[in-house]
Structure formats: structure tokens, C-alpha cells
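**Student:** Return atomic coordinates for the entry below.
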Amino acid sequence: MIKKILQSPFSAKKISFNDFIDIIEKSKIIFEKEPYVLKLNASSPQEKILIIGDIHGNLPSLIKIKEKIDEIKPEMILFLGDIVDRGPYQLECLCFILCLKITEPERYFLLKGNHETIEVNRYYGFLDVLMNKFGDTERIKYLLELYNSLSICAIINKKIFCVHGGIPEDIEIINKLKKLDKKPNLMSDPEISNEVFQMIWNDPIELEAFPYFVDNFRGEGIKQYGYKAFEEFMEHYGFKSLIRSHEIFPPQGYQYFFNGRLLTIFSSNNYRGQFSPNQATMALIEGTSVKLLIIQ
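**Tutor:** Numbers count the residues shown, from 1 in each chain. Model prediction:
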């Protein structure tokens with residue numbers, strides 16, 4: 001089944017429950033061996049690392065991304081999360097990416113986004129997809145275990161920080177995550193769950209009136225982070241750039257913040273439909289340089 005999905009991602013639509021769970025279990029075993037803070041370092045300045053933003057069940061965009069991967073041949077590929085919910089091919093996208101991970105575990109990586117949670121899947125559609133396909137929501141425990149095994153953020157070539165949403169109020173969060181060498185459910189740990197929650201939900205805001213953190217319209221506990229909070233975080237860890245996803249900016253599909261040091265990408269084209277079209281974008285890293293890629 002893994003080989004079949006890699007050859008034809010649309011074939012995952014017909015996957016059996018047992019095959020679906022087998023793919024989840026095989027990939028989960030790999031994810032569990034990875035730390036919460038991934039360290040992806042190229043062995044030479046010429047090696048490329050590709051960063052991919054939100055997919056949201058857009059399989060045609062994902063297939064184009066895979067074609068671009070085959071063309072430019074990056075040594076490593078990092079997905080920033082939000083693979084499912086909203087789009088028409090949620091199951092197919094998740095299965096395809098997990099199959100890539102199983103087949104090339106040292107090349108493909110996946111971070112936890114705010115849609116890699118059961119609560120959000122219940123509201124935005126993926127649990128309905130699973131219920132309609134397999135007819136039993138009790139089986140979501142397998143999906144929850146997969147989500148709990150994912151890394152939270154990544155440091156690339158020691159200078160580029162990658163995360164789904166952004167920085168939290170606790171500046172020491174990366175150091176705290178580095179000390180955790182097991183895969184419990186972080187969201188059930190009161191000492192760290194709020195900061196992880198902010199990392200997958202927070203957004204940047206570029207207004208002088210809000211230099212640090214301010215409440216976010218998205219909901220309770222979610223923040224927007226300003227230029228001072230960003231600068232202090234980056235200086236604290238010696239980072240040059242930050243790459244994140246989580247927001248869509250039609251029509252270009254990307255947005256720079258904070259003098260170009262923060263880049264938001266979104267890798268699902270026309271996410272809101274033709275009335276508000278957007279390009280699918282990615283980021284290509286060589287050394288410590290970040291290049292924006294647009295997928296046509």
C-alpha cells in the first residue's frame with residue numbers, strides 16, 4: 001500500500017482501516033525517536049533544505065510540490081504542519097506524507113501544527129472524513145498518538161528557526177524542550193503546554209504600538225508577537241531568520257515581517273477558492289540564506 005500511494009497519491013482514497021493504521025504506526029515509531037527540537041544541518045553549503053507550509057488537504061498542490069522536490073533534489077524536506085482539515089483530499093495528503101517519511105526517514109520531517117490536534121480536527125473536518133470512511137471515531141486514539149509523537153520546532157544550520165506559528169511568551173521554551181527526551185502528551189503537561197500551544201498558534205504583528213505580546217483574535221491564550229519580542233528571542237538563541245506558516249496572505253501566498261527576518265509561507269494554492277486566490281509558496285535554504293519559491 002505504501003508503494004502504491006507513493007506512485008499514485010489519489011489511491012489513498014481507497015485505503016482500508018488496517019492499512020491506514022499500519023502507516024500511522026510505522027511513521028509514529030520513527031517520529032518518536034526524533035527530539036522535540038529537530039536539528040537539521042547540511043553537510044555542505046551547497047546542500048538544500050526545503051521548507052513547506054500549510055497543505056490542508058490540497059493534494060494537487062502537494063503533488064506539484066513533490067514534482068519540485070524531484071526537480072531540485074533537496075537533501076532534506078521539512079513540513080511545518082497543518083496537513084489536514086478543510087481541503088478535499090485530507091486523508092490522501094496525510095497518507096502520502098507519512099509514506100514519504102516511512103520510505104526516507106532521514107530526508108522528510110514533519111512538525112506539529114495547530115491542526116495536528118484532535119480538537120481542531122473535530123471542528124474543521126478531518127474527524128468527519130475518518131468517520132465517513134471508517135465509521136468509528138473511537139479509533140482516533142491512533143491519530144492522537146501520531147500527533148503526540150511529532151516534533152514542535154526545528155533549527156536549520158544552527159541559524160534558522162522553523163515553527164508552525166511562532167514564538168511563545170516564555171523565551172526559554174527551546175531550552176526546556178531540548179531537555180525532554182521522551183514523547184509524552186505535551187499538551188497535558190501544565191508546565192509547558194501553554195508555551196507549545198502558543199508555538200503552534202501565535203502570529204507576528206508589525207505595529208510599533210505592540211512591541212511585545214498582545215491578545216490574538218484567534219482565541220483565548222493565543223498571542224500576537226511584536227518586533228521587540230521577536231528580536232529578543234532571536235538574539236537569545238543566535239538565530240538569523242525565522243520561517244513559519246499558519247497564515248495565508250492572498251494573492252502572493254507569503255509575507256515578510258521584521259525587516260525580512262521572518263518569512264510566512266503557505267503551500268496550498270487557492271486555499272479560499274477563486275474569489276480570493278493565492279499562490280503556493282515554499283522556502284529553500286542553502287547555508288543561512290532563505291530563498292522564496294513559488295509553485296505555479
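
**Student:** what about Leu91, is that helix, strand or coil?
**Tutor:** Here Leu91 is recorded as helix under DSSP: H, G, I helix; E, B strand; the rest coil.

**Student:** so what pLDDT did it get?
**Tutor:** Residue-level confidence at Leu91 comes out at 97, pLDDT.

**Student:** Hmm, it is touching Asp128, no?
**Tutor:** No. If you go by C-beta atoms under 8 Å, Leu91 and Asp128 don't touch, sitting 11.1 Å apart. All C-beta spots, glycine's among them, are computed from the backbone N, C-alpha and C.

**Student:** Of these two, which one has the most company?
**Tutor:** Just comparing Leu91 and Asp128: by other C-beta atoms under 10 Å the higher neighbour count belongs to Leu91, 20 against 15.

**Student:** Ala229: how many residues sit nearby?
**Tutor:** Neighbours of Ala229 under the rule other C-beta under 10 Å: 24.

**Student:** Give me the distance between it and Lys223.
**Tutor:** Going from Ala229 to Lys223 by C-beta to C-beta, to the nearest Å gives 9 Å.

**Student:** got any residues that touch both of these two?
**Tutor:** Residues within reach of Ala229 and of Lys223 at once, by C-beta atoms under 8 Å, 6 or more residues apart in numbering, are Glu169, Phe213.

**Student:** for Gln224, phi and psi?
**Tutor:** phi -110, psi 140 (degrees, to the nearest 10).

**Student:** is it in a bridge, and if so with what?
**Tutor:** When assigned by DSSP bridges, Gln224 has beta-bridge partners Asp203, Val214.

**Student:** That one and Gly165, how far apart?
**Tutor:** 10 Å.

**Student:** and what of Lys101?
**Tutor:** According to C-beta to C-beta, Lys101 stands 22 Å off from Gly165.

**Student:** between those two, who's got more neighbours?
**Tutor:** Taking neighbours as other C-beta under 10 Å, Lys101 and Gly165 compare with Gly165 leading, 28 against 22.

**Student:** that's a strand at Gln255, yeah?
**Tutor:** Yes. If the criterion is three-state DSSP, then Gln255 is within a strand.

**Student:** His246 is in contact with that one, correct?
**Tutor:** No. The pair Gln255 / His246 is not scored as a contact, 11.0 Å apart, by C-beta under 8 Å.

**Student:** Any buried residues in stretch 45-61, and which?
**Tutor:** For stretch 45-61, a neighbour-count test (16 or more other C-beta atoms under 10 Å) marks 47-61 as buried.

**Student:** tell me the two of these that are most distant?
**Tutor:** Within those, two members stand farthest from each other by C-beta to C-beta: Glu47 and Gly57, at 30.7 Å.

**Student:** so who does the nearest residue to Ile248 once chain neighbours are set aside touch?
**Tutor:** Excluding its sequence neighbours, the residue lying closest to Ile248 (C-beta to C-beta, 6 or more residues apart in numbering) is Phe266, at 4.7 Å. Contact analysis of Phe266 by C-beta under 8 Å, 6+ apart lists Gly53, Asp54, Ser245, Glu247, Ile248, Phe249, Gly253, Tyr254, Asn278, Ala280, Thr281.
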